[in-house]
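K.L.:
I'll drop the sequence and a predicted model, then ask my questions.
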Amino acid sequence: MIYIGFSIQSHKKLARILCKTYRHCAPIIITKNKCVIYQFISYTKIVPIHIRVRDLETLKHFGWTFVQYDGKFAPARALKSKTITCVQFTKRVLNIKNIAIQTPDALLKYLTTNEKSPCGLIS
């Protein structure tokens, strides 16, 4: 199972200027009782962070919103790619080829309103 996490905080200045509500996104892969957040740091640096499922509740208290994604995903291919932003990395993991999606807000809107997308917002 895969979740997409959207955060209202980011340490990058450009994200604070360009992004309205959500300033960062990250794919979260859940297997059994373990989670791995693939955190986009820079152009070639993507760090897997291992957490527990109950830590997702803690992240919700700090402004994260999660969307469950049940479609195809390819994290191995995305880890080898050279993406510039967290949104491009997340799109690569989910095999989304829509070039109009450039911000986390646009990605969230695409995932929750697109009828072809197998997603559901987790509150």
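P.N.:
Okay, I see it. Numbers count the residues shown, from 1 in each chain.
K.L.:
any idea which helix or strand in the protein has the lowest mean pLDDT?
P.N.:
Every helix and strand in the chain was compared by mean pLDDT, DSSP states H and E; the lowest is strand 119-122, with a mean of 54.
K.L.:
can you tell me the element the nearest residue to residue 100 once chain neighbours are set aside falls in?
P.N.:
Counting by C-beta to C-beta, 6 or more residues apart in numbering, residue 106 is the residue found nearest to residue 100 once chain neighbours are left out, at 7.0 Å. Quick note: C-beta positions are derived from backbone N, CA and C, even for glycine. Per DSSP states H and E, residue 106 falls inside helix 104-113.
K.L.:
may I see the buried residues of that helix?
P.N.:
Residues 104, 105, 106, 107, 108, 110, 111 are the ones in helix 104-113 that count as buried (16 or more other C-beta atoms under 10 Å).
K.L.:
swap in stretch 93-100?
P.N.:
93, 94, 96.
K.L.:
how about those in TSV, adding pLDDT?
P.N.:
Output for those, formatted as TSV (pLDDT from 0 to 100):
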residue	pLDDT
93	86
94	87
96	86
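K.L.:
including secondary structure and distance to residue 2, could the residues you listed go into CSV?
P.N.:
Formatted as CSV, the buried residues of stretch 93-100 follow (DSSP: H, G, I helix; E, B strand; the rest coil; distance: C-beta to C-beta, whole Å):
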residue, secondary structure, distance to residue 2
93, helix, 8
94, helix, 8
96, coil, 13
